[in-house]
Structure formats: structure tokens, C-alpha cells
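> build the 3D model from these lines:
(chains A and B)
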Amino acid sequence: MTEDRTRRRVLARVLLLPIIFLTVALLGGMRVAVDRSFVFLPPPLVTLVMAALLASLFMRGRLVRLEAWLGSRHGVLANVSHALTLLALFFASAQAFNSVLPEQGLLHWMFAFFFLWTLWNDQFSPFDPFRLLRSLGVLFGTAFVLKHMILAGLAAPGGSWTQRIATAIFQGLSLGTLDVPAVAPATGYISFFTLALYVIGLSLVAPAPDEPGDLRPLLREARLLTPGERRTLLKELEDEP
Amino acid sequence: MRYPLLHATGIATTLAYAAFVVWVYATQPRTLKDVTQGARVASGAYAIDAARYDTALSLFHRGLFRAAREEWERADPARADARTQFYIAYAFYREGWGRLYHDDALYGQGLQAADRALALTRTGSLIVDDPDLKMHTAAELKAELEKGREKSWSDLNPMRVLEERK
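Reported below is the predicted structural model:
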């Protein structure tokens, strides 16, 4: 029974996780044009910087313990497999940002600045994996709503008088730099699916690959304890025969 | 190490999928049909529609170049067959050829098709053994198309009208 569970966990780690993250990498840059043709946008350089900052956050927040994923205690195949999974995670992060970043114009740089500022500030905040995941969910969710619901609504061709007036006002406020390309509604759905898949993938990542699955809820609970309570718990555990 | 087979399968699958993702971004397919067609070309499973190819060839030999080209485009939608692209280029050449002047636009499109034929001929050179043609390789055809697009004083030579279409 335990052997089966371990095998399933290894299978999820070496097969399911890379597939999830590579799917995010594939769909993150995908847009559907108004004529329903596909456009694949490779990750801009700024999203690679963001992904690097996010990778640093993953390590600081102990969502990924690099020393547990890679090292001499694993065999060559396991190390290669883990390295590929982490690489897929990096590119998935870059493409998740690409998915919610406006493609060009002033808004592209405003969103990029917003992301970089948040990620930079987070570097100096105390984090645990659960809080980090929640924070990322909020960050991507906000950007998704802004890009695919508000901006896409403003850039959509046709529309009502109020929409046209709002677009004109927005154009004026942004000094004519509102340069959002019109895309088919399917783009928003693809982006939503991509982000959902990314968050699911992140929630499946174990800080250490060999960590038993049952331990994670306990550790999460333990992180909520006060320092005094933690000391008492440790004492109890040590005293146990 | 435990489960080496699982790890090896994971590595192989990840690398194959990553290669697919890179391929998609490199080739920029515009439709799902493009994706499947491209995948067939990449895997070597792609084959042109032989019946359409033969129809196009008979149209070409009867001098119906535009119709022939359209049939060839349908026979080779992925533009992945060197021989078909050679014939498309040849059809552009013959349609664009004129005793007094050559059609630069058609010659330009012919050049593009000749370039595709050359790019698709990875090893050796493509030799088309068709007695109706006077040029049998893509390189010859390309050179002729380039020559036709060049502007020079020899264009004013009245003896040019005696030149033969190849």
C-alpha cells in the first residue's frame, strides 16, 4: 500500500508536474486573433526577470527546497528529472506572466513595473509556502481581471456608446498610448485555464521531493503556532518514548 | 536510486514535450490543421496528394499554369515537397515569361518557391527528369528567375525577342 503511494507520488513528480508546467509554458503565450488564427508570443525578456524573482521567492518561501530537489543524495536520473521539472516551473512562471501582461505599449510597462515592484517587495517579506501561493493567486488574479476583462472590454471592436466613451477617456488619460490589440474572447478563456493550471501545478510541488504527503498539512498547522507553542510541541515530541 | 524506469520515462516525456513547445513557438502554426500538418512533416509521415499532383502536372503541360499551381498548392498544403515546389516555381516562371518583358511579381513568387524547393533538398540536388522542361534543377530555375528580374542595358537589346522560353 505504502509502496503504491510512493510510486504514485514519484510518478506525479516526474511526469505530471513537468507536463502541467510545460502546458502552462505552451498556452501562456498563446493568443487567438480576431480571425481565429493562433498567435504564439515567446516570453519577453522582462517576464524572464520576473520568473527569476519568483524562483527566488519560491526558495525563500520554502515552496521549493533546492538542496532537497538536487544533490548527491539522488541518483543521476533523479537529478536530471528534478532539474527538468524545476526548469519547466521557471518557464511556466515566465509564461504565466506573459499570459497576463499586455502585449505592447505603455500598459505593458505599467503592468511589468507593478509585477516587478510586488515581486521585489516580497523578497523582503516573511513567507511560508501557503501564504506565497495565496499571494500569487491574488497577484495573477488581479492582473487577469485587468487585462482580460477590463482592458479587453475597452479594446473590443464595436460595442455600446458608453464603452466607446470609456475607451476614448482611457485613450486620453493614457496620452494615446492605450495600445491593446483586439483578440478573440477565446484568449481570455485560454489565459484563465493557463493560470488555473499553473496554480494547481504549484500546489502539487512539494518543498522536498521525498517529503511524505501526509506531512504537509501537519507542517502547515505547525507554522501557525506561536514560538512558545512550538517549543512545547518540540518538547512533547522529544519526550515521547 | 528507486524507480529508475519512472525517472527515465519522465525525462523522455518532458524532453519530447518541451521540444514540441519549442517547435510550436518556432513555426508559429496559425490553425490546429497547421499543427497536425507540421507534426506530420516533422515526423516524416507527410505525403503529398498524388492524384492532385498528377492533375496539376497535366494542367502544367497544357499551359494552364495558374490552375496547375492551385492544384499543386492543394496537393502540398504544408509546402514540404521539393519536387512540387520546383514545379510551382516553374509555373510562375512560364506564366511570367514574356517575349518583350517578364512579370516581376510572378518571377518574385517563383523565386520564393524555388528557394523553398532548394531548402527542402537537404542532400544532393533535386533533378526533375521531365522532357517538357529545359531546366531540370531548382538552382538553374532560381538563376533564370533572378536573371529575369535584373534590370540592365541588355533589356533594351531588340534581339531579346528571339530568346526562347525554357
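> so the closest residue to residue A:44 other than its chain neighbours versus residue A:37, what's the distance?
Nearest non-adjacent residue to residue A:44, counting by CB to CB, 6 or more residues apart in numbering or on different chains: residue A:98, 6.8 Å away. (Each C-beta comes from the backbone N, C-alpha and C, glycine too.) Here residue A:98 is placed at a distance of 19 Å from residue A:37 (CB to CB, to the nearest Å).
> of those two, who's got more company?
The residue with more neighbours, out of residue A:98 and residue A:37, is residue A:98; 25 against 14, by other CB atoms under 10 Å in any protein chain shown.
> residue numbers of chain B in contact with chain A?
B:1-4, B:6-11, B:13-15, B:17-18, B:20-21, B:24-25, B:28-31 (CB under 8 Å from any CB of the partner chain).
> ok, now with 7 Å
Counting by CB under 7 Å from any CB of the partner chain, chain B comes close to chain A at B:1, B:3-4, B:6-11, B:13-14, B:17-18, B:21, B:24-25, B:28-31.
> tell me the centre residue of chain B?
residue B:85 (2.6 Å; CA atoms, centre = their mean).
> tell me the contacts of that one?
Under the criterion of CB atoms under 7 Å, 6 or more residues apart in numbering or on different chains, the contact list for residue B:85 reads B:79, B:113, B:116-117, B:120.
> repeat that for 6 Å
Neighbouring residues of residue B:85 by CB atoms under 6 Å, 6 or more residues apart in numbering or on different chains: B:113, B:116-117.
> against residue A:4, how distant is it?
Residue B:85 is 55 Å from residue A:4, by CB to CB.
> local confidence estimate at residue A:160?
For residue A:160, the pLDDT comes out at 69.
> buried set for stretch B:145-156?
B:145, B:148-149 (16 or more other CB atoms under 10 Å in any protein chain shown).
> what's the domain layout of the chain?
Answering for chain A, as no chain was given. With domains defined by automatic domain parsing, chain A comprises A:2-210, A:215-241.
> hmm, no, I was thinking of chain B.
Looking at automatic domain parsing, the domains of chain B come to B:4-43, B:50-162.
> wait, what's in contact with residue B:62?
Counted by CB under 6 Å, 6+ apart, residue B:62 has zero contacts.
> the residue nearest to the centre of chain B sits in which helix or strand?
Assigned by DSSP states H and E, residue B:85 falls within helix B:82-96.
> export that helix as PDB, just CAs?
What follows is helix B:82-96 as a C-alpha-only set of coordinates in PDB (Å, rounded to 0.1, in the frame of the first residue of the first chain):
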ATOM      1  CA  ALA B  82      10.700  19.800 -53.000                       C
ATOM      2  CA  ARG B  83       9.500  18.500 -56.400                       C
ATOM      3  CA  THR B  84       6.100  20.200 -56.100                       C
ATOM      4  CA  GLN B  85       7.700  23.500 -55.000                       C
ATOM      5  CA  PHE B  86      10.000  23.200 -58.000                       C
ATOM      6  CA  TYR B  87       7.100  22.800 -60.400                       C
ATOM      7  CA  ILE B  88       5.200  25.700 -58.700                       C
ATOM      8  CA  ALA B  89       8.300  27.900 -59.300                       C
ATOM      9  CA  TYR B  90       8.400  26.700 -62.900                       C
ATOM     10  CA  ALA B  91       4.700  27.500 -63.400                       C
ATOM     11  CA  PHE B  92       5.400  31.000 -62.100                       C
ATOM     12  CA  TYR B  93       8.400  31.300 -64.500                       C
ATOM     13  CA  ARG B  94       6.400  30.200 -67.500                       C
ATOM     14  CA  GLU B  95       3.400  32.400 -66.800                       C
ATOM     15  CA  GLY B  96       5.600  35.400 -66.000                       C
END
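> packing partners for whichever helix or strand comes after that helix?
Once the chain leaves helix B:82-96, the next helix or strand it forms, by DSSP H and E, is helix B:104-120. Counting contacts by 3 or more CB pairs under 6 Å, 6 or more residues apart in numbering or on different chains; DSSP states H and E, helix B:104-120 packs against helix B:82-96, helix B:138-149.
> which stretch in those helices is the model least sure about?
helix B:138-149 (a mean of 90).
> that one - contacts with which helices or strands?
helix B:82-96, helix B:104-120.
> deepest in the core, which of those helices is it.
Comparing the helices and strands packed on helix B:138-149 on average neighbours per residue, with mean count of other CB atoms under 10 Å in any protein chain shown, the densest one is helix B:82-96 at a mean of 25.
> by how many degrees do it and helix B:138-149 diverge?
Counting by axes from the mean of the first three to the mean of the last three CA atoms, to 10 degrees, helix B:82-96 lies at 20 degrees to helix B:138-149.
> does residue B:75 touch residue B:55 like I think?
No - here residue B:75 does not reach residue B:55: they are 8.2 Å apart, not a contact under CB atoms under 6 Å.
> and the two? Which one has more around it.
Legend: neighbour count by other CB under 10 Å for residue B:75 and residue B:55, higher for residue B:75 (22 against 17).
> buried ones in the strand or helix carrying the residue nearest to residue A:44?
If you go by DSSP H and E, residue A:98 is part of helix A:76-100. Within helix A:76-100, the residues that count as buried by 16+ other CB under 10 Å are A:77-82, A:84-100.
> lowest-confidence helix or strand of chain B?
Using mean pLDDT, DSSP states H and E, helix B:32-43 stands out as the lowest-scoring helix or strand of chain B, at a mean of 84.
> who touches that one?
With CB under 6 Å, 6+ apart as the criterion, helix B:32-43 contacts B:27, B:29, B:46, B:78, B:80.
> same thing with stretch A:53-65?
Contacts for stretch A:53-65 (CB under 6 Å, 6+ apart): A:66, A:90, A:93, A:119, A:122, A:127, A:129, A:132, A:207-208.
> looking at the residues you listed, which has the most residues close by?
Busiest of the contacts of stretch A:53-65 [other CB under 10 Å] is residue A:93, holding 29 neighbours.
> for chain A, give me the ranges with low pLDDT.
When residues are selected by pLDDT under 70, those of chain A lie in A:1-2, A:127, A:129, A:155-160, A:163-164, A:170-180, A:211-217, A:219-220, A:240-241.
> that concludes my questions; thank you for your assistance.
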